[in-house]
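Asks: generate a structure from the sequence data that follows.
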Amino acid sequence: MIVYKKASEIEQMRRSGKVVAHCIRAMHEAIVPGKSTPKDLDKIAARIIEEAGGVPSFLNYRGYPASTCISVNEVVIHGIPDDRPIVEGDIVDLDVGVCIDGWHADAAWTFPIGSVTPEAQRLLNVARESLSQGIAKAKVGNRLGDIGAAVQKYVEQNGYSVVRDLVGHGIGRSLHDHPHDVPNFGKPGTGLRLQPGLTICIEPMVNEGGYEVETLKDGWTIVTADGSLSAHFEHTIAVTKDGPDILTLE
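Replies: Below is the predicted model of the structure:
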């Protein structure tokens, strides 16, 4: 059952969302190419979340072993923070979820590390803009399919592919709440009609090559099947009578 949030509850989620945004910024700013590791960044986020009085939404979720997901290059999502240094030319997805007083927020951003190839930068630009295209459709009276169709159209007209096996999700008292599927592809005018108080995570995962993905032996890390680069951008959004409200901003 979908629970539509009151204004006061949306503000509770915004509190968590501000911490998410703070974590992502601090992690990015701490990266020293050739020295910093995903585990280093994970510790930074864990400390910020604890100091804010929250808990990491991801830690121990279905057995996940870290506070954040950090996905590098061909890793699409769910990269488990490890000890391999992040180096110049990498693209790094920092994905953070925070729960404060029982309310979750979740966001992700993929950053270029130092100087990256023009091809990698273009992928990031298109993936980031596809998130904006999707958010713009998160309006009362539209449908979930309008969001997914907008993302897919923009991504594909720029020569990339949208991952089909992984989608966005509802969020609130649970990290993954109803509606469980917020696809980044689809047909306009289909799916759930958007109403005020709906809170969802819109999160395009855009591949340089094909949209097929594979899960590694750790059971979490998901990579592009063809080894191409992937970029992931995500915000937690509240649908309001005044339009989409991004809750994961500092």
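
Asks: only C-alpha atoms for contact and neighbour calcs from this point on.
Replies: Fine.

Asks: who touches the biggest helix by length in the chain?
Replies: Secondary structure of the chain per DSSP state H: the longest helix is helix 7-30. Residues outside helix 7-30 that contact it (Cα atoms under 8 Å, 6 or more residues apart in numbering): 36, 41-42, 44-45, 48-49, 52, 54, 94-100, 103-109, 111, 172, 197, 236, 238, 247-250.

Asks: let's see it at 6 Å
Replies: Applying Cα atoms under 6 Å, 6 or more residues apart in numbering, the contact partners of helix 7-30 are Leu41, Ala45, Val96, Val98, Cys99, Ile100, Trp103, Ala105, Leu247, Thr248, Leu249, Glu250.

Asks: whichever strand or helix holds the third one to helix 7-30, inter-axis angle?
Replies: In the assignment (DSSP states H and E), Val96 maps to strand 91-100. Using axes from the mean of the first three to the mean of the last three Cα atoms, to 10 degrees, one finds that strand 91-100 and helix 7-30 are set 140 degrees apart in direction.

Asks: helices or strands up against strand 91-100?
Replies: Under the contact criterion of 3 or more Cα pairs under 6 Å, 6 or more residues apart in numbering; DSSP states H and E, strand 91-100 touches helix 7-30, strand 55-56, strand 68-72, strand 103-112.

Asks: quick one: the following helix or strand past the longest helix of the chain to strand 68-72, angle?
Replies: The helix or strand immediately downstream of helix 7-30 is helix 38-51, counting by DSSP H and E. In terms of direction (the same axes, to 10 degrees), helix 38-51 departs from strand 68-72 by 150 degrees.

Asks: follow-up on the earlier one: who touches the strand holding Val96?
Replies: With Cα under 6 Å, 6+ apart as the contact definition, strand 91-100 has outside contacts at 16, 20, 54-57, 68-73, 104-113.

Asks: now, of the helices and strands packed on strand 91-100, which is deepest in the fold?
Replies: Highest mean neighbour count among these (mean count of other Cα atoms under 10 Å): strand 68-72, with a mean of 27.

Asks: for the helix or strand that that strand is followed by, the averaged confidence score.
Replies: Later in the chain than strand 68-72, the nearest helix or strand by DSSP H and E is strand 75-77. Taken as a whole, strand 75-77 carries a mean pLDDT of 98.

Asks: what lines up beside strand 75-77 in the sheet?
Replies: strand 222-224 (antiparallel) (DSSP bridges).

Asks: tell me which residues touch Pro196, please.
Replies: Val239, Thr240, Lys241.

Asks: can we see that at 7 Å?
Replies: Contacts were defined as Cα atoms under 7 Å, 6 or more residues apart in numbering; by that measure Pro196 touches Val140, Val239, Thr240, Lys241.

Asks: give me the three-state assignment for the second one.
Replies: Reducing the assignment to helix, strand or coil with DSSP: H, G, I helix; E, B strand; the rest coil, the entry for Val239 is strand.

Asks: would you check that it makes contact with Asp245?
Replies: Yes. With contacts counted by Cα atoms under 7 Å, Val239 reaches Asp245, the gap being 6.3 Å.

Asks: compare neighbour counts for these two and give me the winner.
Replies: Using other Cα atoms under 10 Å, the more surrounded residue of Val239 and Asp245 is Val239, with 24 against 20.

Asks: distance of the more buried one relative to Gln152?
Replies: Separation of Val239 from Gln152 (Cα to Cα, to the nearest Å): 20 Å.

Asks: do Ile246 as well
Replies: Taking Cα to Cα, one finds Ile246 at 20 Å from Gln152.

Asks: sounds good, over and out.
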